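> no sequence on hand, only this structure:
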């Protein structure tokens, strides 16, 4: 029976401080990604920002739920080693973009983008690919929340539409899953939103891994 050990460990490492921040209000500000503080030498924030959340209770529950779902799907599809590489690719690209764009914040959603992008592009199963594409849509939809009530309504509508990729996955043309992830990544990069860069890193990492597996080794 498949046991997602890496997903479980990362879930616990993320969940404990994410929940603890409600009892210790100073934890999230002390660990978040703060470009000014990072420039001042507090480089560890690039890592600690992944285990606290800036979206309140909803943000914590949302990110932990998707960590469990995408984590399980990605570990089953790619194995623990590639899981870690993909999670790290989204985290590194997202944190780098957040720092360069002077965008303070916290959360593991950028690391999840690494998993989602790779799932949409390279997962062997339709369910896993649809989940990756759905999270890519959600990442794009989340950006609409900044536009007030209308933005929230559009966000919910877009997320609901994206969920149809999962519900009707067996009727969706296979190339649509990676296309959705790629388009979401490009749109978010143009905005610019750090999730776009994280998602793009996952898409490219997933494509590179799939290409490496299908390319025959050369012999001397």
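Done, it's in. Here the structure is a predicted model, which is why all the values come from computation and not from measurement.
> C-alpha only now, for contacts and for neighbours.
Fine.
> burial count for residue 57?
12 (other C-alpha atoms under 10 Å).
> which secondary structure elements does the strand or helix carrying it sit against?
Following DSSP states H and E, one finds residue 57 within helix 56-100. Packing partners of helix 56-100 (3 or more C-alpha pairs under 8 Å, 6 or more residues apart in numbering; DSSP states H and E): helix 5-20, helix 35-39, helix 109-122, helix 126-142, helix 194-214.
> same thing but 6 Å
The helices and strands touching helix 56-100, judged by 3 or more C-alpha pairs under 6 Å, 6 or more residues apart in numbering; DSSP states H and E, are helix 109-122, helix 194-214.
> quick one: contacts of the first one?
For helix 109-122, the surrounding residues in contact (C-alpha atoms under 6 Å, 6 or more residues apart in numbering) are 86-87, 89-91, 94, 128-129, 132-133, 177-178, 195, 198-199, 202-203, 206, 210.
> what about that helix, average pLDDT?
The average pLDDT within helix 109-122 is 98.
> quick check: angle from that helix to helix 194-214?
Computed by axes from the mean of the first three to the mean of the last three C-alpha atoms, to 10 degrees, the angle separating helix 109-122 from helix 194-214 equals 40 degrees.
> can you confirm residue 182 is in a strand?
No. Residue 182 is assigned helix when assessed by DSSP: H, G, I helix; E, B strand; the rest coil, not a strand.
> can you get me a residue count around residue 58?
Residue 58 has 11 neighbouring residues, counting by other C-alpha under 10 Å.
> what does residue 147 give?
Neighbourhood size, residue 147 [other C-alpha under 10 Å]: 12.
> dump the residue contacts of it.
Contacts for residue 147 were tallied using C-alpha under 6 Å, 6+ apart; there are none.
> what about it, distance to residue 114?
Using C-alpha to C-alpha, to the nearest Å, one obtains 26 Å as the distance from residue 147 to residue 114.
> what comes up buried for stretch 77-85?
Using 16 or more other C-alpha atoms under 10 Å as the burial criterion, the residues of stretch 77-85 that qualify are 77, 78, 80, 82, 83, 84.
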